[in-house]
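**Student:** Everything below, folded, please.
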Amino acid sequence: MDVKSCGDAAFTSKFLEEPVIKKEESVESNEKPGEIDGNEQRVLDESSSVGRHCDEGLRTLKLKKWKNAVKAFTEAIKIKPDDASLYTHRALAFLRLRSYQNAEADCTKALELNNDFIKAYMRRSKSRKLQNKFV
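**Tutor:** Numbering: from 1, shown residues only. Presented below is the predicted three-dimensional model:
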């Protein structure tokens, strides 16, 4: 038995014959199927806002508009401060602006959030090298 995608009516396990979760069932049965509560809507709004800022940041990086990229990623970080990739993207913009201390700080923050993030190690090393810091 296959595991169904999130959009299907039920999730199943290869170990179970019965569906594990049905979309139509909710923990509190006073909710209508497909209805979104206020908290879920807030999360969706934040997610789309982060996506817009991140897309803007990536677009401006490609256009070599480093200051605009910093602004866009800063806005995304305000909304989602626990996303390590946002810090490494902003660190790249800081590197291009020759703001090496800021780049290093962003990479350090990214590594606090995800210590397996290779890109953060690489960019932090580059920023330290450009500051003549050898660790």
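**Student:** pLDDT below threshold where in the protein?
**Tutor:** 1-47, 135 (pLDDT under 70).
**Student:** all strands for it, in order.
**Tutor:** 10-11, 21-22 (DSSP state E).
**Student:** List the residues that contact residue 49.
**Tutor:** residue 79 (Cβ atoms under 8 Å, 6 or more residues apart in numbering). For glycine as for every other residue, the C-beta is placed from the backbone atoms N, C-alpha and C.
**Student:** please renumber so the chain begins at 39
**Tutor:** That works, and once the first residue is 39, the last one we named lands at residue 87.
**Student:** How about residues contacting stretch 106-114?
**Tutor:** For stretch 106-114, contacts defined as Cβ under 8 Å, 6+ apart pick out 88, 91-92, 94-96, 98-99, 121, 124-125, 127-128, 130-132, 135.
**Student:** mind saving the C-alpha coords of that stretch as CSV?
**Tutor:** Coordinates of each C-alpha in stretch 106-114 appear next as CSV, following Å, rounded to 0.1, in the frame of the first residue of the first chain:
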residue,chain,number,x,y,z
ASN,A,106,17.8,45.7,-2.1
ALA,A,107,18.5,42.1,-1.5
VAL,A,108,19.6,42.8,2.1
LYS,A,109,16.3,44.7,2.7
ALA,A,110,14.2,41.9,1.2
PHE,A,111,15.9,39.2,3.2
THR,A,112,15.7,41.3,6.4
GLU,A,113,11.9,41.6,5.9
ALA,A,114,11.7,37.8,5.5
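**Student:** which parts of that stretch are buried?
**Tutor:** By neighbour count on 16 or more other Cβ atoms under 10 Å, the buried set for stretch 106-114 is 106-111, 113-114.
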